[in-house]
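# Sequence first, then the predicted structure, then my questions.
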Protein chains: 2
Amino acid sequence: MTDEQTALIALDWGTSSLRAFRMSRAGRVLETRASAHGIQHLPEPGVPGFEAAFAAICGDWLEAAPVPVVAGGMVGSAQGWCEVPYLRCPAPIDALPGAAARVRAANGHEILLAPGLLFDPEGGTPDVMRGEEIQIAGAIAGRADWQAAATLVLPGTHSKWAQVADNTVTGFATYMTGEIFAVMRGHSILGRLMTDDPVPDEARAAAFAQGVALASEAGPGDLTRQLFSTRTLGLTGKLPGGALADYCSGLLIGHEIVSGLAAHGDGPVILVGSAELCRRYATALHQLSGRDPAARIENPAPAGLFRLACDAGLISPDTGVHP
Amino acid sequence: MTDEQTALIALDWGTSSLRAFRMSRAGRVLETRASAHGIQHLPEPGVPGFEAAFAAICGDWLEAAPVPVVAGGMVGSAQGWCEVPYLRCPAPIDALPGAAARVRAANGHEILLAPGLLFDPEGGTPDVMRGEEIQIAGAIAGRADWQAAATLVLPGTHSKWAQVADNTVTGFATYMTGEIFAVMRGHSILGRLMTDDPVPDEARAAAFAQGVALASEAGPGDLTRQLFSTRTLGLTGKLPGGALADYCSGLLIGHEIVSGLAAHGDGPVILVGSAELCRRYATALHQLSGRDPAARIENPAPAGLFRLACDAGLISPDTGVHP
């Protein structure tokens, strides 16, 4: 088998989308496919829906090469194909395979489903992730310095801030930043003054920075008051309607970073997510702390799934050292 | 004219409802009417809609006794019958009539429309209210001690915390507590686990107190993280679905009170609003600070509109002292 032959099929199976990666023994992605068959958008309900989505996205790959299959994300949730209990923090990355579950598809292929993580500290409130642990595993793979100590920030609908030490996720926190922005824009009075009127890029960037600056002045409990300024700055003509969404985004991202740095301030900060979102977070991080992220990584899910497969003994990676 | 004759018609004209009060020269409410003709629910659009709603709710009263008419609330907004510019803070209560506007209805009757208030401190963000200034005027009418110094808290969709000193509204802040609760419950993932399952009153009260307690531990920026616990406490079975709304309510009200007390902590706290909402705020206030409100006032709008009419010289109040 050469490096370029199919050695693993890795599935990143979330709520709204399903992504499949055909990978080599060296961990290289040979081919990528995506479908809209997230667990809430299956072709039919229940297990038959999972079977159909699975066969549709990679049935031909498996027919050509019956390699191991691994999957991460909401596919392992209570609404997924098979519920995989959360692994508790502190969670060593190499303990993920031991907490994974196996499901056998109708076409005979077995899939290894990654567990999510639970962080439930004594005297605190519980927190959960499902899918991000794979991205974290991928982001720090091959980076001994980050495995030793790093803060991983995964912006999004439900942003995650995770602390890694000694190749172990020691704890994490979820911020509802993206979802709050979306529901306030779509369903609250704040959205009424937000327009799509064209505004120069510099004015939008300035509005974002103004929101971040207000966040830096926040005391405990101030967010629900500060949010109202998204309306009053529009009402009083101090910000144009086309820049109000940027202002609100800066305010919410700013709050997340202020809180996140207070809890996870040590070590390098690694941003994981879409380029545009990471750019916003990097800008706000710099404005609030003078720091820059140690790295921005767009999609470490394939690397994380590859590592899961290796740690599970499903494949032996090609280290590139040939005798 | 005896005290019990009609001397004033007062309108509390908000976004979703219109209330009319037929009042005596002593400031007593002789009759109350309510209609659904708030400014966003008029029988027809624009000025004809205001005319029709006005005639429907109190046309017969005015035919029987052509007395002065005053109105407060969103009727004076940009979407109202006639826009009345905001009066800037610091705003003496007795300066409200001077900033009011007059509109003449088709039936010949003139209506005095109260202004809203604008608080736009140097180096801060602007804030506005429209209608609450009338409630404040009514709440402190006849109370020299509160006119000297008090904090008025008006819980609701957009809660207001107003500072009164020397019979002047010196400043205020709006908290989007009620609206954030509603949109998170109705449109975010948090609402999915909230059920109407019956839960004992004590368990609901305990969940509310747990939310307030978490708010007391918040550092700057922590709200968007703490909100997610509404989901995880349900997911992990630590709170029943029927108590999650109370938990989320306690968390959001707690954040508002923590922030409000930090900015407006001095003097007596007067709660103005519905009995049920004031009860929640009083409970949280006590839990967070050991303090109790100096008073709970359900609806001081008629008293505030009466005071506006007196200060405007539209009526001379019956002081009860007859020569």
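That came through, no problem. Numbers count the residues shown, from 1 in each chain, chains lettered A, B, ... in the order given.

# okay, CA-based contacts and neighbour counts for the rest of this
OK.

# Could you give the bridge partners of the nearest residue to A:Pro68 once chain neighbours are set aside?
Take A:Pro68 and drop its neighbours on the chain: the residue closest to it by C-alpha to C-alpha, 6 or more residues apart in numbering or on different chains is A:Leu8, 5.3 Å away. As for beta bridges, A:Leu8 partners with A:Met23 under DSSP bridges.

# And the one 5 residues further on, by the same measure?
Following DSSP bridges, A:Trp13 is listed with bridge partners A:Leu18.

# for it, what are its contacts?
Contacts of A:Trp13 were listed using C-alpha atoms under 8 Å, 6 or more residues apart in numbering or on different chains, and they are A:19, A:38-39, A:71-75.

# Need these in CSV (columns: neighbour count and distance to chain B).
Putting the contacts of A:Trp13 into CSV (neighbours: other C-alpha atoms under 10 Å in any protein chain shown; distance: C-alpha to the nearest C-alpha, whole Å) gives the following:
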residue, neighbour count, distance to chain B
A:Arg19, 20, 23
A:Gly38, 23, 16
A:Ile39, 26, 15
A:Ala71, 31, 22
A:Gly72, 29, 19
A:Gly73, 27, 17
A:Met74, 28, 14
A:Val75, 28, 16
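
# and of these, the nearest to B:Ile140?
B:Ile140 lies nearest to A:Met74 out of these, by C-alpha to C-alpha, at 55.4 Å.

# pLDDT score assigned to the closest one?
We have a pLDDT of 96 for A:Met74.

# Same question for A:Gln163.
On pLDDT, A:Gln163 comes in at 97.

# Kindly provide the distance from it to A:Ile189.
The gap separating A:Gln163 from A:Ile189 is 36 Å, by C-alpha to C-alpha, to the nearest Å.

# Looking at the two, which one has more neighbours?
Remark: of A:Gln163 and A:Ile189, A:Gln163 carries more neighbours, 24 against 15, as counted by other C-alpha atoms under 10 Å in any protein chain shown.

# doesn't A:Arg279 fall inside a strand?
No. Using DSSP: H, G, I helix; E, B strand; the rest coil, the secondary structure at A:Arg279 is helix, not a strand.

# how many neighbours does it have?
When neighbours are defined as other C-alpha under 10 Å, A:Arg279 has 14 of them.

# repeat for the one 10 residues further on
In terms of burial, A:Ser289 registers 13 neighbours under the definition other C-alpha under 10 Å.

# possible to save the contacts of A:Trp13 as a markdown table with secondary structure and distance to B:Pro268?
As requested, those are exported to a markdown table (DSSP: H, G, I helix; E, B strand; the rest coil; distance: C-alpha to C-alpha, whole Å):
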| residue | secondary structure | distance to B:Pro268 |
| --- | --- | --- |
| A:Arg19 | strand | 59 |
| A:Gly38 | coil | 54 |
| A:Ile39 | coil | 54 |
| A:Ala71 | strand | 59 |
| A:Gly72 | strand | 55 |
| A:Gly73 | coil | 52 |
| A:Met74 | helix | 51 |
| A:Val75 | helix | 54 |
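
# mind putting these in JSON lines, distance to A:Ser216 included?
Shown next, in JSON lines, are those (distance: C-alpha to C-alpha, whole Å):
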{"residue": "A:Arg19", "distance to A:Ser216": "38"}
{"residue": "A:Gly38", "distance to A:Ser216": "37"}
{"residue": "A:Ile39", "distance to A:Ser216": "38"}
{"residue": "A:Ala71", "distance to A:Ser216": "40"}
{"residue": "A:Gly72", "distance to A:Ser216": "36"}
{"residue": "A:Gly73", "distance to A:Ser216": "34"}
{"residue": "A:Met74", "distance to A:Ser216": "34"}
{"residue": "A:Val75", "distance to A:Ser216": "38"}
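
# Around chain B, pick out the residues from the stretch 101-250 of chain A.
A:125-128, A:173-177, A:179-180, A:183-184, A:187-188, A:215, A:218-229, A:232-233, A:236 (C-alpha under 8 Å from any C-alpha of the partner chain).

# of those, buried ones?
Among these, the ones that count as buried by 16 or more other C-alpha atoms under 10 Å in any protein chain shown are A:125-128, A:173-177, A:179-180, A:183-184, A:187-188, A:215, A:218-229, A:232-233.

# about what we covered before: in helices, which of the residues of the stretch 101-250 of chain A next to chain B fall?
The helices, defined by DSSP state H, take in A:177, A:179-180, A:183-184, A:187, A:215, A:223-226, A:229, A:232-233 from those.

# Pick the one among those closest to chain B.
In terms of C-alpha to the nearest C-alpha, no member of these lies closer to chain B than A:Arg225, at 4.2 Å.

# wait, what's in contact with the closest one?
The contact partners of A:Arg225, taken as C-alpha under 8 Å, 6+ apart, are B:173-176, B:256.

# Could you rerun that using 10 Å?
Residues near A:Arg225 by C-alpha atoms under 10 Å, 6 or more residues apart in numbering or on different chains: A:218, B:127, B:158-160, B:173-177, B:255-256, B:259-260.

# Would you mind splitting chain A into its domains for me?
According to automatic domain parsing, chain A comprises the domains A:8-135+A:301-311, A:177-297.
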